[in-house]
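> here is a sequence together with a model predicted from it:
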Amino acid sequence: MKSIFSIFKRGLEKTTTKVTRTIAGMFTGIKAHGAASFDDLEAMLIQADFGVPASLRIVGDIRDRYERGEIATDADLVKVAMETVTTILNSRVRPVNFAPEGKPTVILMVGVNGSGKTTTIGKLAARLKAENKKVILAACDTFRAAAVEQLQLWGERTGCQVVSAKHGADPASVAFDATQAALARGADFLLIDTAGRQHNQKGLMDELAKIRRSIEKVYPGAPHEVWLTVDASLGGNVVNQAREFTKTTGVTGLVLTKLDGTGKGGMVVALHQEFELPTFFIGFGEQPEDLQPFSAEYYAGALFGEESK
């Protein structure tokens with residue numbers, strides 16, 4: 001069985017190559033570093049999708065430690081960068097906000113088209129079923145028949161009931177029915193899929209607010225989490241997405257997807273530096289085991305090419 005750290009390493013391989021090339025050789029053949037060297041490193045980190053605020057912070061820590069005589073080699077530099085990144089990633093960590101015992105925990109998934117919401121819900125359902133949890137899935141993407149079919153396939157694969165409606169039905173009505181079903185049937189979790197939408201589509205963003213109101217009408221205090229799925233392959237563009245979804249839909253956490261196919265894994269650090277949002281899960285591939293709980297230590301270690309954990 002693959003270790004969890006090996007899944008992180010494999011999934012971040014393209015980003016790791018990009019990051020290590022950025023740092024490699026910075027101290028080779030140079031006796032002393034001035035402002036220009038650190039400006040170059042800063043620019044390289046920004047190009048690796050760490051974002052401006054995180055890049056400034058990482059380079060600031062490296063510069064301080066260098067001036068105190070604590071950095072003399074590339075390995076020293078990597079160690080400091082990894083420590084700073086781990087601190088950034090750990091700063092938002094918190095447990096999932098579970099419902100009171102005996103009540104279903106409701107998780108509403110939101111995000112732009114193609115960010116991996118439906119697949120993430122299916123993988124999460126598989127994880128929860130493996131823990132002997134009773135899970136109900138709600139197909140609130142009623143505008144795209146393929147999304148309902150995909151969720152129903154995950155329902156069959158995992159043995160989870162799927163609450164759905166005919167094509168074009170009111171998504172808020174489906175969410176209402178699914179919440180009633182989760183309460184009546186003693187479910188442990190209700191995972192709600194929604195239609196993909198761009199953050200600047202006001203009508204669709206208002207629809208999410210309506211879905212939330214429908215859930216709360218039948219189950220005060222729910223949803224307990226609103227998770228934004230973020231396609232990591234989009235790099236720095238996801239920062240604007242996260243900013244707008246957070247303003248309009250009350251996002252409480254992130255799920256990062258498609259990291260295995262991109263060299264833009266530095267954007268995870270950018271997101272954590274900018275937003276007061278934890279990352280709960282991270283996706284490295286198509287199989288259920290490729291969705292893993294987020295670990296700052298594993299992520300930072302894999303990002304900077306650590307061999308083992």
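Cool, the structure landed.

> is it true that residue 222 touches residue 214?
No - using CB atoms under 8 Å, residue 222 is not in contact with residue 214; the gap is 10.2 Å. All C-beta spots, glycine's among them, are computed from the backbone N, C-alpha and C.

> spit out the residues that contact the two alike.
residue 179 (CB atoms under 8 Å, 6 or more residues apart in numbering).

> what about those two, which has more around it?
It is residue 222, of residue 222 and residue 214, that has more neighbours when counted by other CB atoms under 10 Å, with 24 against 21.

> which residue packs closest to the more buried one, ignoring adjacent ones?
Nearest non-adjacent residue to residue 222, counting by CB to CB, 6 or more residues apart in numbering: residue 106, 4.0 Å away.

> next one: phi and psi at the one you found?
Per-residue torsions, residue 106: phi -100, psi 120 (degrees, to the nearest 10).

> tell me the spacing between it and residue 301.
For residue 106, the distance to residue 301 (CB to CB, to the nearest Å) stands at 33 Å.

> compare the two (neighbour count), which wins?
residue 106 (27 against 22).

> residue contacts, the more buried one?
99, 179, 182, 189-190, 192, 215, 219, 222-225.

> flag the shaky bits of the chain, pLDDT-wise.
1-2, 25-32, 199-202, 308-309 (pLDDT under 70).

> can you show me the strands along it?
Counting by DSSP state E, the chain has strands at residues 105-110, 135-140, 161-163, 189-194, 225-231, 253-257, 279-283, 291-293.

> with distance to residue 281 added, can I get the contacts of residue 106 in TSV?
TSV is the format used below for those (distance: CB to CB, whole Å):
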residue	distance to residue 281
99	18
179	22
182	21
189	14
190	17
192	16
215	21
219	23
222	20
223	16
224	15
225	11
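
> leaving out sequence neighbours, find the closest residue to residue 70.
Nearest to residue 70 is residue 76, by CB to CB, 6+ apart, at 6.8 Å.

> count residues in the vicinity of the one you found, would you?
By other CB under 10 Å, 15 other residues sit near residue 76.

> next: residue 169.
Using other CB under 10 Å, residue 169 is surrounded by 16 other residues.
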